[in-house]
Every structure is written in structure tokens, then in C-alpha cells.
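Student: Here you go, sequence then predicted model.
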Amino acid sequence: MLIQFDTALLAAAVSLAAAMSLAADRVPVFDVEAHCRDVAERAAPVGQAESCLRKERTARDLLARQWARFAAADKAYCLELSRLAEPTYTELLTCLELAREARSLRERETTGQESR
């Protein structure tokens, strides 16, 4: 009986890990409309939610085109950070770009290829 339970628990854990891995292989889906409305309200009378939404769509399109080129560790880190607040595509894209640049800089410094 205990072996069956352990096997079922292990199977559930493996399924969950596989689902999380698949989720990390795709650009997440964020509801940015509430964020954009909030930004527009705070910037009243000049704030426009549609402008914010256009920027978020552009950022999501860039993420979709570049997603496979970002390191898995950077995606995991930036996705975790995005969960700390109301996530946006612009913040996720910025985090991933900064992580990629930091990784590139560390690699150049390690190999002595630092450009001056």
C-alpha cells in the first residue's frame, strides 16, 4: 500500500515538473490591462491606457521572437521576480535582457575578452 502511494506521489511530482518545464518554454500570459489602466489613472490627465497596452503588446511580440534564445536559468529567475508584483511584459523583457547582458559580460571577463 505504501509503495503504491509513493509511486503515485512520484508520478504526480514528475508530471508537475514536466508541466512547469513546458510552461517555462513558452512566453507567459499576463493580464496587463489592469496594470495599464492603473498607470493611465496615475498619469491623468495625460495618461492613456492604450499607449501602455501598445507597449506591452510590442514587448510580448519581442519576447515571443526571442524566447528560445534566453537562458533557461534567466527565464526561471525573471519569471520568479515577476510573481512578486503585477507582472508586465516590459518588465520581464527588461529583466531577461539585463540577465543576458550580465551573463555575456561575465563570460567576456572570464575569457579575457573584455572590450575597452
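Tutor: On my side now, so go ahead.

Student: tell me what the helix or strand where E56 lies is packed against?
Tutor: Per DSSP states H and E: E56 is located in helix 49-66. With contacts defined as 3 or more CB pairs under 8 Å, 6 or more residues apart in numbering; DSSP states H and E, the packing partners of helix 49-66 are helix 33-42, helix 89-111. From N, CA and C alone the C-beta is placed, and that goes for glycine too.

Student: Next, the buried residues of that helix.
Tutor: A49, C52, L53, K55, E56, A59, R60, L62, L63 (16 or more other CB atoms under 10 Å).

Student: quick one: contacts of it?
Tutor: 27, 30, 32-33, 35-37, 39-40, 88-90, 92-93, 96 (CB atoms under 8 Å, 6 or more residues apart in numbering).

Student: which non-adjacent residue is nearest the spatially most central residue of the chain?
Tutor: By CA atoms, centre = their mean, the chain has its centre lying nearest to L79, at 3.9 Å. Excluding its sequence neighbours, the residue lying closest to L79 (CB to CB, 6 or more residues apart in numbering) is P28, at 6.6 Å.

Student: Make sure E91 is actually in contact with S82.
Tutor: Yes: with contact defined as CB atoms under 8 Å, E91 counts as touching S82 (6.4 Å).
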